[in-house]
Each structure stands twice: as C-alpha cells, then as structure tokens.
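Engineer: Got a sequence here, can you model it:
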Amino acid sequence: MTRRAAEIRLDALLRTACDVIGQRGLANTRTADVAQAAGVSQALVFYHFATKERLLAQAFAYAVEQDLARLDAVTRSSAPPLTKLRRILRLYTPAGRATSWSMWIDGWAESLRTPELEKVSRKLDLRWRQDLATVIADGVREGSFVCTDPAGAAWRISAVMDGLAVQLAVHDRVISRRQFAEWVRLVTARELGLDPEQLE
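Structural biologist: Reported below is the predicted structural model:
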C-alpha cells in the first residue's frame, strides 16, 4: 500500500469510526464494529491504531478537528474582533441533537476513564478557550471590549456555553436555542462591557 493510499484509508476509517461512535457511543464502539462498517478486516483497524483506545481517541480528535477548522477560519479572518466574537458564539451553539456536541459530551465522559482520550480532549478543549481569549484581547486593544482578564473571561464564557450546550444537546425542550443564544449574549456582554444587542 502506498503512503497516499494508506492516508486515504486512514481518513476513511476515521470518518467511519465517527459515524459508528455517533450511533453507538464511545463506550459501546468496538473495533469490530468499525471494521465491519468500513468493509475492512479488524487487523487493518489494529494496523492503523494498535488499540481500541487509540482508535477512539483519534476518531474523537478527527471529529473535533472539523469544528476547530471552522473556528480557525473565524479567528484567522481579517474581520474585527466584535464580528469574530459573534461568529464564535454562533459556532458554539449546538445545531441539533445529532451534532458534534454529542461527540464532545461523550468524549468528556469517557475521558474520566481513558487517559489517551483525556489528553486529546484537554488539548482540543483548551484551543477553544485560547482562541476566544485571543479575540477578546484583540478587542480590548482595539477599544471594542472592556476586560481586565481576557483569559479568565474566555473560561467563564466557555463554561456557561458548555453547561447550556449540554442541556440543549441532551435534553429536548429544557431550554430553547433562542434562550441559549440570549443567555450566552448576556453573559458575554457582562464580561466584555458590551450591550447584549451588539452580539446579535
């Protein structure tokens, strides 16, 4: 197998693993399930990942990297900090029950028991906070935001979004997307000296 063919096969296996995990959950996904869904031998799955834990960790990272690619597109744009902030808040909102949020929630839960998954989860989670903190710091320098602790504000805003997003993604009709958006705008506005309407 050429190196390029191996990379394509690996990418296909990771996409298939994400689909299987989405259906079965991280705890209930077996390497045999991924092999069957991908139409390959279980030996090939182990060739690429060595262990089930590594497969799950890399599939989780693969899924979340798709979200981070969208985040990068926002943070690397030439838009002003307020526009970037609005876009980040929209990106964070779960789009429905069958979203990458189910992978995040599952990943956090499994991270309590799987060190390799915890390492990946922590790395990816911190990226969101760091990028948000950078946008906040840029806005402070530009004079758009008033905040003495951009890193702390990023953590507090993210913590509220995480908690609300879990409720929105897991429990039908406990809160609405409109409530989620309003409450996140309110918390973010208070942290950054803004009017919530500026974040709409």
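
Engineer: tell me the mean pLDDT for the strand or helix carrying K84?
Structural biologist: For K84, the host element (DSSP states H and E) is helix 81-92. For helix 81-92, the mean per-residue pLDDT is 94.

Engineer: Please spell out which residues along it are buried.
Structural biologist: Buried residues in helix 81-92, counting neighbours by 16 or more other Cβ atoms under 10 Å, are found at 81-82, 84-89, 92. Glycine gets a C-beta too; all of them are placed from N, C-alpha and C.

Engineer: Relative to the whole chain's centre, how far out is that helix?
Structural biologist: 15 Å (Cα atoms, centre = their mean, to the nearest Å).

Engineer: Would you agree A154 is in contact with L132?
Structural biologist: Yes: A154 is within contact range of L132, at 4.1 Å (criterion: Cβ atoms under 8 Å).

Engineer: thinking again about what came up before, quick one: contacts of the helix holding K84?
Structural biologist: Applying Cβ atoms under 8 Å, 6 or more residues apart in numbering, the contact partners of helix 81-92 are 67, 70-71, 74-75, 77, 79, 128, 131-132, 135-136, 138-139, 142, 144-145, 161, 165, 181, 184-185, 188, 192, 198-200.

Engineer: after it comes which helix or strand?
Structural biologist: The C-terminal neighbour of helix 81-92 among helices and strands, as given by DSSP H and E, is helix 100-111.

Engineer: Not counting sequence-adjacent ones, nearest residue to E118?
Structural biologist: S111 (3.8 Å; Cβ to Cβ, 6 or more residues apart in numbering).

Engineer: Report pLDDT for the one you found.
Structural biologist: 87.

Engineer: now M1
Structural biologist: For M1, pLDDT reads 52.

Engineer: cool, and the one 4 residues further on?
Structural biologist: For A5, the model assigns a pLDDT of 55.

Engineer: Kindly report the same for the one 5 residues further on.
Structural biologist: What the model reports as pLDDT for L10 is 85.

Engineer: Now find how far off-centre whatever helix or strand A154 lives in is within its chain.
Structural biologist: In this assignment (DSSP H and E), A154 forms part of helix 150-170. Here helix 150-170 is found 12 Å from its chain centre; the criterion is Cα atoms, centre = their mean.

Engineer: tell me which residues in whatever helix or strand comes next after it are buried?
Structural biologist: Moving toward the C-terminus from helix 150-170, the next helix or strand (DSSP H and E) is helix 177-192. Buried residues in helix 177-192, counted by 16+ other Cβ under 10 Å: 180-181, 183-185, 187-189, 191-192.

Engineer: what's the answer for stretch 110-120, then?
Structural biologist: Neighbour counts using 16+ other Cβ under 10 Å place 110-111, 114, 116-118, 120 of stretch 110-120 among the buried residues.
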